[in-house]
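# no FASTA, just this:
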Ligand code: AMP
């Protein structure tokens with residue numbers, strides 16, 4: 001440690017008196033004139049008329065002294081030298097305490113003109129006693145000594161002065177007192193050096209140490225820990241020139257089994273323990289342990305109790321859990337070979353909270369049971385289950401299975417006992433009946449009515465049927481490797497009418513019965529029927545729409561699924577060619593792409609690979625963390641694929657320790673994003689799924705999330721630019737709604753902005769749509785909803801549609817026009833819902849073009865069928881952008897509402913106390929200094945300001961200028977109260 005640093009520490013320690021360790025210093029005396037009585041043998045020079053030894057009564061005590069009083073003679077030079085004083089090798093500085101008196105020169109008669117009132121202290125170093133040889137030249141002057149009080153005749157005032165003789169280096173030294181004509185008597189000379197006494201501090205012992213001198217003001221001293229204590233670094237302390245200990249460094253702590261008592265480490269008492277090297281006291285042994293003996297570092301567990309490897313020694317020992325209870329196996333609906341196993345947690349957890357379960361599956365044939373093998377799949381997994389259910393799939397029908405569920409905790413591995421429950425179960429499935437014949441009941445140029453029958457005497461009404469059809473011509477398309485569209489209907493009756501068909505066209509129909517579990521029968525009927533040609537209006541009858549009008553088969557739901565004609569979905573694990581399938585809804589046989597919910601894939605991994613291309617991690621370089629998603633960090637990086645240019649990308653990562661479910665949820669975003677291709681939808685570059693660290697790679701958006709971007713550029717963009725951004729978002733949303741994708745979480749925070757200020761919709765995914773969003777609020781039905789962005793019907797009964805996305809788009813419009821302001825400010829979710837129900841809507845943001853605000857209000861129509869569609873929104877915005885003058889009419893703006901300013905008061909209702917408080921409330925604190933410099937220091941002065949004045953003090957940005965001006969306007973209008981606009 002360098003000297004300057006020690007000094008600094010010392011200084012701090014001096015300031016912080018409380019931690020300054022000042023121990024009584026110690027003096028080691030080298031010479032004491034009084035103690036040796038008259039037998040000093042000091043040398044005087046000159047021999048005659050110089051210093052003399054005498055005796056004098058001072059305050060009634062007889063004292064020896066050396067005196068001289070040649071006040072009337074000129075040029076006095078009288079020396080008195082001590083004997084040789086041996087020095088301690090470490091003591092470079094000694095203190096010389098002199099008790100003396102000096103007579104007042106005025107107390108003599110006028111002849112004593114040469115009279116002095118001071119004398120001098122000298123010293124001379126030597127390695128040995130030089131006896132009586134005395135040479136003035138060998139002495140160096142230490143100081144002149146003057147009395148504080150001088151004595152008169154009969155009035156003796158003894159002075160005590162202490163002087164330092166520093167930088168001594170030889171074996172010893174002499175002191176000498178030189179008189180130059182004073183009347184002096186020296187009664188006592190005491191020579192000593194200072195020591196820091198031996199001490200124990202923070203369980204470290206430090207030896208007695210001689211204090212340093214000018215050259216070594218702080219002496220570093222190493223110490224040693226007391227018995228049964230230890231320290232990582234050697235303890236050290238510093239001894240000051242005054243013999244005081246300061247700045248202890250390094251801490252000794254008692255070893256395990258010992259605690260500090262005063263300056264020592266003592267054994268823990270029986271029944272107590274201390275596990276670590278620390279300053280803590282011994283603790284009583286925890287629950288379920290044996291009483292400890294003295295000096296215990298641990299308390300061992302009682303029989304039948306254990307401590308998990310990760311448990312701290314301070315935790316109680318715990319027992320094994322009891323077995324799981326109420327084990328039940330149920331066949332899962334709609335799926336062959338699936339079984340749901342559920343149970344309730346053990347009655348006794350053994351005192352632990354880390355209970356998990358593992359499931360063992362055995363197949364039992366006659367009397368032999370064997371492990372089920374790897375084919376059986378467990379969802380979420382077969383081990384380390386936190387939940388009390390597991391779904392097993394790929395089980396064989398008609399086989400007996402035994403499932404053993406074990407409750408485990410952190411201590412299970414320490415005991416041979418197992419807490420298990422077992423259940424035997426067999427899977428029995430009903431095969432769906434076969435469909436036997438399909439007949440054409442009625443036809444028209446645009447519709448066909450069909451009916452069919454079933455083989456068995458099953459009640460046909462309890463069976464569901466899957467009908468698939470397509471144009472026959474599409475055979476050709478398939479051969480040419482073009483896409484083939486199948487429309488799939490699930491029906492409850494044995495007849496159906498299909499309309500919206502093309503005249504004179506041959507269609508292929510296939511119908512299969514579905515089992516209770518939803519699996520199609522192995523055989524189905526396939527047949528071809530054609531629609532008749534269109535009859536010109538003046539000839540013949542108009543085609544009759546026949547009786548069964550949909551009534552014959554209520555369409556339960558329309559499954560628009562990828563189907564390979566001859567393969568049952570169950571067995572289709574092979575990867576499908578993306579071109580094999582094409583998706584469409586029955587109403588829309590136009591070749592328009594529809595979004596496919598990745599959940600319709602039994603294996604979500606297939607869905608990812610279908611819609612996203614796999615990238616090798618070697619082609620990806622992560623550069624910097626730019627955000628945090630639900631599943632892990634988001635990085636900026638580079639994608640370099642051979643033969644292609646380097647591309648800036650965003651890399652979403654999946655944090656380690658994920659479950660299979662989380663991995664699938666994470667990748668579902670890619671399965672969704674990969675289906676989209678639009679300028680205003682974030683583009684998926686690919687995925688990494690085949691390596692441990694799954695990643696989603698998307699185009700990089702330099703300006704990040706829109707809400708933050710707007711807040712950072714408050715007031716810096718024109719309405720035209722803002723509306724341009726909204727156009728992009730609307731176009732992206734039109735594309736999504738055309739694909740029947742409902743976003744559910746459209747908000748400025750989920751829009752990304754690139755360097756060209758193009759806005760793109762992002763944040764897709766299944767669970768994450770609402771789970772991940774910090775704005776998501778749990779509703780009574782258990783889902784999570786970002787209340788202030790969500791349409792009332794979606795909040796009330798989860799009716800999420802493109803129309804509810806339009807409502808959210810209206811909120812995004814408001815966010816954009818208000819530069820990222822929080823919708824409904826600090827109103828609570830409850831207040832927002834109440835206001836919306838009472839027909840209140842957000843007021844126009846400042847400077848918002850009237851046409852834009854009108855569009856927002858349209859998006860917020862209570863009746864969702866009255867809201868514009870995204871197509872309408874894009875057209876309207878396009879019109880506005882084509883004639884920028886249409887943006888010039890500004891919507892009515894009430895500053896107190898739009899920037900939520902109570903007219904004359906701060907947030908607590910009291911008037912603004914200062915200009916800076918007011919500026920802070922309107923988020924314009926950055927101008928505090930401008931107001932101050934311009935001398936506007938009170939709210940009275942603020943109220944006098946005009947726009948011109950605001951500009952003159954340096955507020956230049958139009959948005960900021962207006963914000964401040966409007967606020968002043970609002971402050972002046974004291975009669976207005978806070979209100980929200982009603983529609
Ligand atoms: P997310 O998980 O999609 O909500 O992403 C978290 C954050 O990462 C976002 O708020 C953005 O700031 C950032 N981010 C995500 N994707 C991108 C991207 N493609 N370009 C730039 N930043 C992104």
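Sure, I can see it. This structure is a prediction, so every number in the text was calculated from the model and none was measured.
# residue of the stretch 701-850 of the chain closest to the ligand, please.
Closest approach between the stretch 701-850 of the chain and the ligand, counting by CB to the nearest ligand atom: residue 701, at 3.5 Å. From N, CA and C alone the C-beta is placed, and that goes for glycine too.
# what is the neighbour count of that residue?
24 (other CB atoms under 10 Å).
# give the contact list for it.
Residue 701 makes contact with 650, 682, 752-754, 760, 762, according to CB atoms under 8 Å, 6 or more residues apart in numbering.
# show me which residues of the chain are close to the ligand?
Residues of the chain lying close to the ligand by CB under 6 Å from any ligand atom are 626-627, 629, 634, 650, 682, 698-701, 704-705, 752, 762-763.
# what is the most widely separated pair among the contacts of residue 701?
Greatest spacing in the contacts of residue 701, by CB to CB: 650 and 753 (12.6 Å).
# what residue ranges in the stretch 251-400 of the chain score low on pLDDT?
331-337, 365-367, 397-398 (pLDDT under 70).
# pick out the residue of it closest to the ligand.
Counting by CB to the nearest ligand atom, the stretch 251-400 of the chain gets nearest to the ligand through residue 380 (22.5 Å).
# so for the nearest residue to that residue once chain neighbours are set aside, what's the pLDDT?
Closest residue in space to residue 380, ignoring its immediate chain neighbours: residue 661 at 5.2 Å, by CB to CB, 6 or more residues apart in numbering. As predicted, residue 661 sits at a pLDDT of 84.
# next: residue 66.
If you check residue 66, the pLDDT there is 93.
# that older thread, number of residues surrounding the residue nearest to the residue of the stretch 701-850 of the chain closest to the ligand when sequence neighbours are not counted?
Excluding the flanking residues, the one nearest residue 701 by CB to CB, 6+ apart is residue 752, at 3.7 Å. Using other CB under 10 Å as the criterion, residue 752 is surrounded by 23 other residues.
# secondary structure class for residue 752?
strand (DSSP: H, G, I helix; E, B strand; the rest coil).
# that one and residue 762 touch, don't they?
Yes - contact criterion CB atoms under 8 Å: residue 752 and residue 762 qualify, at 5.0 Å.
# any residues in contact with both of the two?
With CB under 8 Å, 6+ apart as the test, residue 752 and residue 762 both reach 682, 701.
# parallel or antiparallel, which strands does the longest strand seen in the chain pair with?
Longest strand in the chain by number of residues (criterion: DSSP state E): strand 183-196. Each strand paired with strand 183-196, and its direction, by DSSP bridges: strand 26-32 (antiparallel), strand 61-69 (antiparallel), strand 94-102 (antiparallel), strand 209-210 (antiparallel).
# from the chain's centroid, how far away is the very next helix or strand once past that strand?
Later in the chain than strand 183-196, the nearest helix or strand by DSSP states H and E is strand 199-201. Put simply, strand 199-201 sits 44 Å off its chain's centre (CA atoms, centre = their mean, to the nearest Å).
# for strand 199-201, packing partners?
Using 3 or more CB pairs under 8 Å, 6 or more residues apart in numbering; DSSP states H and E as the contact criterion, the elements in contact with strand 199-201 are strand 204-206, strand 245-249.
# need the residues that contact the first one.
With contacts defined as CB under 8 Å, 6+ apart, strand 204-206 is touched by 196, 198-200, 221, 223-226, 229, 231, 235, 237, 245, 248, 250, 252.
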